[in-house]
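Trainee: Pasting the sequence and the predicted model now:
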Amino acid sequence: MVAKGIKPSIKIIRTGPRASFLVACVLFITGLQGCAEKPEQLVFSGLVMGTTYQVKIVPNNIVVSNNLADQIHERLQSLDATFTTYQKTSELMKLNQSPINQPLVVSEELFEVLTITKKIYQETNGAFDPTVGALVNLWGFGPDYMDQVIPPSEAIAQHLSSVGLNHLLLDKQASTATRQSDIHLDLSAVAKGYAVDEVAELLASHGIENYLVEVGGELRLNGHKANGERWRIAIEQPFPGQSGGQEDAVQEVLALENVAVATSGDYRNYFEKGGKRYSHTIDPRTGYPIDHNLASVTVIAQTAARADALATAMMVLGPEGALTLAEQNDLAVYLLVKRVDGFEPKTTTVFSQYLLGE
């Protein structure tokens, strides 16, 4: 599982002058010839879930509701209130604080995300496990500030005993979730993707067919851009220690439509002790940071929630394990593997169809 932080590995390819990113829920219209004409593209953006979001819409002949920006923002804020671990009154925190072996009725949104989470947990043999938060904190990468030191093995073993999504029981008919041991869930590695999917569903309910939705680096793209081309997304080339103060180098450009995409990486959040690098990605099966040479993984799937969770799991599995899982399940995956002289890309068979080839 990956600790919270910046997810810089995907960016939107823009045409024309580079626009600054808006940090309020406002409307930005491009391609206007006059106030009475319909815009070629609408852009809404703002802050949510401790990160930014951006929604691009190509209306074509669709009349866009005047309050669509508010609807998007309100939907995202509602989901944030459900899944945040920073408010003790959130629905997720109420589940974390619920008595052991006592079923708790949960909302449709929380039950759906928990169901997705359990599925990915099972598919990855525990590599994706949102109960790993206590170990992330122990290693100094969580929201609770701690010195970044190597914990004693006894402490790791103690915290590891409280990790395991298999200790969460879901009852679909009753819409309940039951903690069967003292586990604590942090759904940040799937909630942003789910939020992307929910905004996409909102747009679809308005009859909007051409859009790009992005929350914290997780994306869902449908239809095409204003010029009729597929949406273009860049996979960033990783640089260890990069702080974002310079223009990011592009590793690969993707041409996408009607899919979701998520990237996870370990190259911007780590510490070093005794000449060894300790990643912020903690393997929930061992309690220790990952120790392999996979720098980043990009996953394309039908939903952003699934792509988000799988990308996190594959960072835990490492290059060989990730490729094996992806090929066995016919997943579109792009890996960047650290080598002495740079990065080596590795892709699954089905991923090649998305490469722009320029």
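Mentor: Cool, got the structure. Residues are numbered from 1 along each chain as shown.

Trainee: Which stretches in the stretch 51-200 of the chain count as helices?
Mentor: Along the stretch 51-200 of the chain, counting by DSSP state H, counting those that start in this stretch, helices occupy 68-83, 91-96, 108-123, 133-138, 153-160, 188-205.

Trainee: Which of those sits closest to residue 48?
Mentor: helix 68-83 (4.3 Å; Cβ to Cβ). C-beta coordinates here come from the backbone N, C-alpha and C atoms, glycine included.

Trainee: So which elements touch that closest one?
Mentor: Judged by 3 or more Cβ pairs under 8 Å, 6 or more residues apart in numbering; DSSP states H and E, helix 68-83 is in contact with strand 41-48, strand 51-57, helix 91-96, helix 108-123, helix 188-205.

Trainee: May I see the buried residues of the third one?
Mentor: Residues of helix 91-96 classed as buried by neighbour count (16 or more other Cβ atoms under 10 Å): 91-93, 95-96.

Trainee: One more: the longest one?
Mentor: With burial defined by 16+ other Cβ under 10 Å, the residues of helix 188-205 counted as buried are 188-200, 202-203.

Trainee: Ok, the fourth one next?
Mentor: Going by neighbour count (16+ other Cβ under 10 Å), the buried part of helix 108-123 is 109-111, 113-114, 116-118, 120-121, 123.

Trainee: Contacts for that helix next, please.
Mentor: Helix 108-123 has contacts (Cβ atoms under 8 Å, 6 or more residues apart in numbering) with 79, 82-83, 91-92, 95, 106, 128-130, 165-166, 168, 170, 172, 175, 177, 185, 187, 190-191, 194, 198, 305-306, 309-310, 313, 325, 329.

Trainee: Put the alpha carbons of it into CSV.
Mentor: Provided in CSV are the C-alpha atoms of helix 108-123 (Å, rounded to 0.1, in the frame of the first residue of the first chain):
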residue,chain,number,x,y,z
GLU,A,108,-24.2,2.3,-0.9
GLU,A,109,-20.9,4.2,-1.8
LEU,A,110,-18.9,2.8,1.1
PHE,A,111,-20.2,-0.8,0.5
GLU,A,112,-19.3,-0.5,-3.2
VAL,A,113,-15.8,0.6,-2.5
LEU,A,114,-15.3,-2.1,0.1
THR,A,115,-16.5,-4.7,-2.4
ILE,A,116,-14.1,-3.4,-5.0
THR,A,117,-11.3,-3.5,-2.4
LYS,A,118,-12.0,-7.0,-1.3
LYS,A,119,-12.0,-8.2,-5.0
ILE,A,120,-8.6,-6.6,-5.7
TYR,A,121,-7.3,-8.0,-2.4
GLN,A,122,-8.3,-11.5,-3.4
GLU,A,123,-7.0,-11.1,-7.0
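
Trainee: In contact with the residue positioned nearest the centre of the chain, which residues?
Mentor: In the chain, the residue lying closest to the centroid (Cα atoms, centre = their mean) is residue 308, at 4.0 Å. Residue 308 sits next to 189-190, 192-194, 218, 262 when contact means Cβ under 8 Å, 6+ apart.
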